[in-house]
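Visitor: let me see the structure of the following:
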Amino acid sequence: MSLTKGEFLFALTGILFGASTIALISQSSSTEFNNSQLTEYKPIFEQPSIDDDCKAVANSTNINTLISQVKLLENQLNERDRTLAQLTTAIKAEQEREAIREEAYQSAEYVKTAIIPQQITAVTGLLSRRLALAPEQQQRLATLLTTKAEADFDAMSPYMEAVNKFGQPNYNESEVQTLNGEFKRIAENNQLQYEQAIDAFLSQEQMSEYLKFENEQQQQQQQQAINHQIAELNLAIPSLDNYQKEQIQALIKEHSSEKLDSVIGTSGGFYPQHQAMISSEELQNNQFALESLLSFDQIQTYKSYQSKTNIK
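Guide: I've put the predicted structure just below:
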């Protein structure tokens, strides 16, 4: 059977279309298979990405930094402990030295080798200029003052030790009176010997000027003592009003003026001469006079302050 040209072209076209369709279907199936295989395939060991590597390096660096910081802190703490230990040792040693010094300061040896010579040097320097002393006169004056000061100190020490017990259970009024009388007797004898020795090498003009010097020194010391007592009371009793302060100041000045008794040889001595006249009865009367100016609460505050500072 023969085909016309038109039929032949139509048949060829159909064949070609079928072949193309089969080829496309085949290609599509092959692609789906390959994709399925790729999707389902997973390697046993996943390879780290570049970001994972960076994070690992960063974490390692942070750990090393923390370790370094911990070691630095540990060294600082150890250094602190060593410093504290050294300070503790130094403080303890200084406290021990201070206790030794305090004990030495209260000893008769320290008074006679340090305090009295220092005071004598200062006083004789002032008197040398004031009295126009010759070098040998100044040396003689220093020797006599030292002898008197040491003798007064030896006589005064037992009395002052007894007086300082005032207000304590072991205070003995009879003992105080006895020691006070003994000290006054010895001090008066020391004073007489000093005046006789001084009169032997000083002129009347120099003796007169010496007494004026003692009066001035005593007035200055009296004012300093008044100021100290007033300041101490203001510190002990903050609630004092202006009227109380004025009355207390007048009371202290009145008592101090009664005790002012200037004699040659007072300056440079370990104890001012007029302190020999202080008795426990006078101390008690002064306390009563002061308390009469205070309220009940102020008295309690003052007594509490006295007990804490051991002031009598």
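Visitor: all the helices of the stretch 201-312 of the chain, residue numbers only.
Guide: Listed from the start of the chain, the stretch 201-312 of the chain has helices (DSSP state H, counting those that start in this stretch) covering 204-236, 242-259, 280-291, 296-309.
Visitor: output those as CSV; include the columns distance to residue 265 and mean pLDDT.
Guide: Every residue, glycine included, has its C-beta placed from N, CA and C. Shown next, in CSV, are these (distance: least, CB to CB, whole Å; pLDDT from 0 to 100):
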stretch, distance to residue 265, mean pLDDT
helix 204-236, 8, 87
helix 242-259, 17, 77
helix 280-291, 24, 67
helix 296-309, 32, 83
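Visitor: would you turn those into a markdown table with mean neighbour count and distance to residue 130?
Guide: Listed next are the helices of the stretch 201-312 of the chain as a markdown table, based on neighbours: other CB atoms under 10 Å; distance: least, CB to CB, whole Å:
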| stretch | mean neighbour count | distance to residue 130 |
| --- | --- | --- |
| helix 204-236 | 14 | 5 |
| helix 242-259 | 14 | 24 |
| helix 280-291 | 14 | 33 |
| helix 296-309 | 13 | 38 |
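Visitor: so for residue 183, which of those helices sits nearest?
Guide: Ranking these by their distance to residue 183 (criterion: CB to CB) puts helix 280-291 first, at 13.7 Å.
Visitor: follow-up on the earlier one: out of the helices of the stretch 201-312 of the chain, the one nearest residue 95 is which?
Guide: Comparing the helices of the stretch 201-312 of the chain under CB to CB, the one sitting nearest is helix 296-309, at 20.4 Å.
Visitor: how about low-confidence regions in the chain?
Guide: Scanning the chain for pLDDT under 70 picks out the ranges 1-60, 101-106, 256-261, 270-285, 309-312.
Visitor: give me the residue at the spatial middle of it.
Guide: residue 91 (12.2 Å; CA atoms, centre = their mean).
Visitor: could you say which helix or strand holds that residue?
Guide: helix 50-105 (DSSP states H and E).
Visitor: all set now, cheers.
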